[in-house]
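Chemist: With the sequence up front, the predicted model follows.
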Amino acid sequence: MIRAIGPFALALLLAAPAVAQQVEEGPGGPDRVSLTVYNQNIALVEDVRNLNVPAGRSRQEFPGVSASIRPETVGLSGRGLSVVEQNFDYDLLTPGKLMESAVGNEIGIVRTNPGSGAQSTERARVLAANQGVVLQIGDRIEVLRDDGVPTRVIFDRVPQNLRPRPTLSVTLDAEGAGRRETTLSYLTSGLTWKADYVARFDEKAGKLDLTGWVTLTNNSGATFSNAQTRVVAGDVNLINQGGYNPRPPVRVSNTRGNGTQSGGQGALADVYVYPLPEAVTVANNQTKQVGLIDAASVPATKRYLRVVDGFYSAEEPVAAEVGVIFANGSGNAARALPAGVIRVYVKDEAGEPRFIGESQVDHSPAGSEIVVTTGDAFDVTVQPRLVSSERVSKRLVDYFRTRYAMEYTVRNARPEPVTVEVRQRGLGRDTELTDQSIEGEMRDARTVVWRVPVPANGETKLTATITTGG
Amino acid sequence: MRRLLAITTALSLLGPTAWAQTESVSARPDGATVVIYRDQPVDTVALMEQSRQPWSRLDRQGLALIVETRTVDLPEGEGIIRFRGLATGVVPQSAVLEGLPAHVVERNADFDLLSPASLMEKSIGEVVRVVRTNPATGEQVEKAAVIRAGAQGTVLEIDGRFEALDCSGQTERVVFDRVPEGLGDQPTLSVRTRAERAGRHTVTLAYLTTGLQWSADYVARLDPTDGTLDLTGWVTLANFGGTGFPDAPVQVVAGTLRKDEGTTPVEPLVRYQQNQCWPQGTTTYGSGALPIEPTRKEDRVEYNGPPVIVPGPPSPAPMARMAAQAGRIAEQGELGDYKIYTLPEPTTVAARQTKQVRFLERESVAYERVYRAGVLGADEESRSMGVVLKLRNEARAGLGVALPGGSVAVMQPDGAGGVLLAGQDRFEDKGVGLPVRLNFGLSRDVRVQTRLVKNDSSRRGAVTTQRSEIETTVTNARSEAVTVELVANAAMQRGFRIRSQSVRSRVDDTGYPVWTLTVPANGTATLKAAWTTTD
């Protein structure tokens, strides 16, 4: 199974024909490259090359830059260099362009006689390349392949401005000739990153183990070899995502964790910067993952939650949401967590890890309480019932003030007792809570919360009278 | 432009190079466990219907966890382990690798696929060979060439001069010496490792994949003589992916779990070759009006084969087989707050196959058949009442098991020894202790009509009190007595209060006050009630 990549090149050498000498040696890719990747499908590339620049004006090409480069963000610096102009040429070399550029020039044509197979070579001048190609051969005017006979066209040169891939070129004004280090920096789209976490939750022990990965995705069209890479958590303000964005960033919510501890990472301009531990090769069309966090035994709890919006009777019981709650505030988990998806695993009855759900978390500074909603409980349900609703006052100005008598049937078919958080939303002003079977708590002026204990295989009826609105 | 190819290859001969990493390939798993989830209830019929639509992308829907055991050869020092034979819908960022005694430097998923266009595009600057066949003599001439431009029409450099490929009408093909690095037949997952010593290890690779779905379906056989039914539950597994799992332990998880919309497989990037030659018009073959089209293969004078069809995005083939296993029953267990069903024995979940396994078998489940309608205001004409089958998911009613949501087909005896389909309905996940209510459409025989006898309102200050007095008549054209439930739909209005009633109402499990009447065979029954609302 194991083999080395090395010998592969040997076979190539043997196969490499003499024509290889014809390839002109141009400057290759960058000598050093560093990447700063943001969450929002944008990255800053710093590309260092050792260039031999002649004195005075010269044109330098930079092959190997990202195909999704935003040319207006290009900056170039180097000893004694000033930029006269920079061009981003996306005029691609195609057969059609090649023929267009040959108009007025001579080409070679090789006809193959379909009967005898004999080949005849002639020189021709291209007069036009509209709809069809019109040629002047000696004193004859002909249309290329007018008779359908196979005819090869041989061009003497490729125009300078036509390239196989979009290319950045910069006209420089240099003080003195010689080799020098030049740094090209630019923004590119097509590079993005997010975090992916695996949380192994042990409900009995009330702990979870958290492993996080930085997931870098490169659709930029270029491969960055041996790049010093860092990723930035937090949104920077972008005015124009520019051009074609194959995957606009998905934002589930704009809420952030509420932690107040500093994260221990280089916090810069209110974003967090995570340098990857070593240089990586970020290939085009690749998703790369590098370890970010590994925290064991983080205290965690499970929560059942049902939010009831407004006052009504639900004809069917509604499943409670199951959430896993932990804080990135202590131990080796005490660090800011970049936005990403947390996937939760538990052990099944045979001790095998099994996935139970995933949810998106936003950037969470250290010390935040993080809730991962994994799914709906099969066995824990809440069914609200509007027992009665009545007007409170006879005055017209109090028309909307209403006294709602609510009853919430909280059922539990699990073999252990559970506590379910019931949130009643949609309260108006001047709320009064009376006749509560369990003391509730105003979460905010519009929401009341009860924590309802339910026995194993049993149910609890929570009743409350809410007078509100007006 | 690339560096001189000969120089780089020569360098690699001079000594061990920095990029020489040892690579090891894990071609296929030794065994796999398949756990299928759902983030919403699945309707089997709709799913099968969808699978027949050519545009459906069921290979990118659904969710399953694949837990594979693999034997891998860990290279010493810096190495790469490639995992092949993963499910086609793998979500690479979800992978979890355990049991490898090495530092995993990074994990990579490469999704640059090998296609004619990517082969050409990635070979720009490389040396290839062009083989030309003389149409008359059949003589083949081979020439070395450098690719100077790729996917939008190929430009070749031959002997220092330039030609376009496939524009001359001649038979010519390009021969490559190797596949450019990073191009594969399918997305691959690899890890870069750093280990003290080499060795062979058994590792667990777990990952999420799309393309697998499951649904629950029930068949209920009614026995009206004693008011019980026999309930059979079936799990349908469907694999819309391109990977089969032979002899795999299979589990399905009941319960709605959250799935992030970003948890989808990478869409492999497939480039299409778009050959653009120069204008091809001639004096005889319409020059002006002829659109400039890329040359097709048919333009070749020698070509006699079938037309070349440009492939569209792959769509899953229709279900190949339907397999039913009626033997044993899937076992139910607990998984966190979900129910997990383990199939009785390892089974083969083949690509593009559905499979059915029984998971529930209950006899003599008590049921109640009632007719139900709302009572609100005056009815112009009599209305049909809804037919409702009520079950309680409790042990004393003969049930008391987790019921994953799905469809129920109810069969009833036709009186001549056969059975009839009485109707079908769906329900959501039902835990133990919950009522199950199945609606079977409207009855022609049991009808209801409400007459608003009196409706008046009074005002006191800013408060208006409305009083409604109704008389509801239920007629039964059946030759047996029936139970009907009349629901007080006005109960959600503010200040609702029942003032008088001929039958005592009770609040049932829907939370609404309900009047229950028994209507004799071929007879009628009447409810008289009055209520007020204060607003």
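Modeler: Arrived safely.
Chemist: Enumerate the residues of the stretch 251-400 of chain B near chain A.
Modeler: B:253-263, B:266, B:269, B:276-284, B:287-288, B:290, B:292, B:301, B:333-340 (CB under 8 Å from any CB of the partner chain). Where C-beta positions appear, they are placed from N, C-alpha and C, glycine not excepted.
Chemist: Buried ones from the residues you listed, can you make that a PyMOL selection?
Modeler: With 16 or more other CB atoms under 10 Å in any protein chain shown as the criterion, this PyMOL line picks the buried residues out of these:
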select buried, chain B and resi 253+254+255+256+257+258+259+260+262+263+266+276+277+278+279+280+281+282+287+335+336+337+338+339+340
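Chemist: Okay, now the unreliable bits of the stretch 101-250 of chain B?
Modeler: B:151 (pLDDT under 70).
Chemist: where along it do the helices fall?
Modeler: B:116-122 (DSSP state H, counting those that start in this stretch).
Chemist: Over to chain A?
Modeler: Taking DSSP state H as the test, the helices found in chain A are A:7-15, A:95-101.
Chemist: Can I get the shortest one as CSV, trimmed to CA atoms?
Modeler: Taking C-alpha atoms only, helix A:95-101 is exported to CSV below (Å, rounded to 0.1, in the frame of the first residue of the first chain):
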residue,chain,number,x,y,z
PRO,A,95,-8.1,29.3,-31.0
GLY,A,96,-10.5,32.0,-32.0
LYS,A,97,-8.4,34.8,-30.4
LEU,A,98,-5.3,33.3,-32.0
MET,A,99,-6.9,33.6,-35.4
GLU,A,100,-8.2,37.1,-34.7
SER,A,101,-4.7,38.2,-33.8
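Chemist: residues making contact with that helix?
Modeler: A:91, A:126, A:129, A:133, A:153, A:155, A:158-159, A:162, B:153-155, B:162, B:164-165, B:167, B:276-279, B:292 (CB atoms under 8 Å, 6 or more residues apart in numbering or on different chains).
Chemist: Inside strands: which ones of those residues?
Modeler: A:V126, A:A129, A:V133, A:V153, B:V155, B:F162, B:A164 (DSSP state E).
Chemist: Show me the beta-bridge partners of the last one.
Modeler: For B:A164, the beta-bridge partners are B:V155 (DSSP bridges).
Chemist: Now for it: which residues touch it?
Modeler: Counted by CB under 8 Å, 6+ apart, B:A164 has contacts A:P95, A:L98, A:M99, A:V153, B:G153, B:T154, B:V155, B:L156, B:C277, B:W278.
Chemist: Look up which residues are beta-bridged to the fourth one.
Modeler: Meaning A:V153. Here A:V153, judged by DSSP bridges, has bridge partners A:I109.
Chemist: That one: neighbour count?
Modeler: 25 (other CB atoms under 10 Å in any protein chain shown).
Chemist: Restricted to helices, list the residues of the stretch 251-400 of chain B next to chain A.
Modeler: Going by DSSP H, the helices hold none of those.
Chemist: Report the spatially closest residue to the residue in the stretch 1-150 of chain B that chain A sits nearest to, excluding sequence-adjacent ones.
Modeler: Distances between the stretch 1-150 of chain B and chain A by CB to the nearest CB are smallest at B:A136, namely 3.1 Å. Once flanking residues are discounted, B:A136 sits nearest to A:G117: 3.1 Å by CB to CB, 6 or more residues apart in numbering or on different chains.
Chemist: my guess is that neighbour meets B:T137, correct?
Modeler: Yes - A contact is recorded between A:G117 and B:T137 when judged using CB atoms under 8 Å, the distance being 3.8 Å.
Chemist: Can you show me the helices along the stretch 351-500 of chain B?
Modeler: Going by DSSP H, counting those that start in this stretch, the stretch 351-500 of chain B shows no helices.
Chemist: What segments of it are strands?
Modeler: B:353-366, B:368-375, B:383-392, B:406-413, B:419-427, B:435-460, B:463-476, B:482-488, B:497-501 (DSSP state E, counting those that start in this stretch).
Chemist: Now mean pLDDT, distance to A:S368 and mean neighbour count too, for these, in a markdown table please.
Modeler: Formatted as a markdown table, those follow (pLDDT from 0 to 100; distance: least, CB to CB, whole Å; neighbours: other CB atoms under 10 Å in any protein chain shown):
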| stretch | mean pLDDT | distance to A:S368 | mean neighbour count |
| --- | --- | --- | --- |
| strand B:353-366 | 90 | 41 | 18 |
| strand B:368-375 | 93 | 48 | 20 |
| strand B:383-392 | 93 | 44 | 20 |
| strand B:406-413 | 91 | 39 | 19 |
| strand B:419-427 | 89 | 39 | 16 |
| strand B:435-460 | 91 | 41 | 15 |
| strand B:463-476 | 93 | 50 | 18 |
| strand B:482-488 | 95 | 47 | 21 |
| strand B:497-501 | 94 | 49 | 13 |
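Chemist: Give me the mean pLDDT for stretch B:328-346.
Modeler: Averaging pLDDT along stretch B:328-346 gives 89.
Chemist: Contacts for that stretch next, please.
Modeler: A:203, A:322, A:346, A:348-349, A:354, A:356, A:374-380, A:414, B:35, B:235, B:247-255, B:257, B:327, B:357-361, B:401-402, B:404.
Chemist: switch the cut-off to 6 Å
Modeler: Outside stretch B:328-346, the residues within contact range by CB atoms under 6 Å, 6 or more residues apart in numbering or on different chains are A:322, A:346, A:348-349, A:354, A:356, A:377-378, B:247-255, B:357-359, B:402.
Chemist: Looking at those residues, which are in strands?
Modeler: Filtering these for strands - DSSP E - leaves A:322, A:346, A:354, A:356, A:377-378, B:247-248, B:250-254, B:357-359.
Chemist: So which of these is the closest to A:S330?
Modeler: For the ones in strands among the contacts of stretch B:328-346, the residue nearest A:S330 by CB to CB is A:V346; the value is 22.2 Å.
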